[in-house]
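S.K.: how would this look folded up:
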Amino acid sequence: MELFQILGNASIVARLSMLVAIFPLGAGLAYALRPSEQRLAVMRPVSLAGLFSALAGAVVGAINVLRGIWMSEGAVDWRIAAIGTAESLVPLFLAFGCLTVAWLCVAARFMRATEMTTAAD
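M.R.: Down below sits the predicted model:
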């Protein structure tokens, strides 16, 4: 499947949760490129927003899978349920990946600032 076709099949909540999950990456890159106290202060709430949106997206996906199992008449197709469960974990994967890279950018900038301070002494 193409990426856009997969995203086209995602629910609105999943799309929004993945969109919000990308914001911490932008904030981390902005801090790494031009550090300031204000950008670092924004990093924490944006990270929490990305984390909570990913959790909400994953929970909504799990609810949809359980609803599909509940609404099915007759035998449950567990293959389809497994696919739905895997798809419901995508917002978590994306958010944790973005959060990891974002905070690594912040840590790299801290290390660089520490090296500059040490070299100046």
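S.K.: list the contacts of residue 51.
M.R.: 95, 99 (Cβ atoms under 8 Å, 6 or more residues apart in numbering). Backbone N, C-alpha and C define where each C-beta goes, glycine included.
S.K.: helix/strand/coil for residue 35?
M.R.: Of the three states, residue 35 takes coil under DSSP: H, G, I helix; E, B strand; the rest coil.
S.K.: what backbone torsions are found at it?
M.R.: Backbone dihedrals for residue 35, given as degrees, to the nearest 10, come out at phi -70, psi 140.
S.K.: count the neighbours of residue 16 for me.
M.R.: 16 (other Cβ atoms under 10 Å).
S.K.: I'd say it and residue 53 touch.
M.R.: Yes: at 7.1 Å, residue 16 and residue 53 qualify as touching, with contact defined as Cβ atoms under 8 Å.
S.K.: buried residues, whichever strand or helix holds residue 106. List them.
M.R.: Assigned by DSSP states H and E, residue 106 belongs to helix 90-120. Neighbour counts over helix 90-120 (16 or more other Cβ atoms under 10 Å) mark 90-92, 94-95, 98-99, 102-103, 105-106, 109 as buried.
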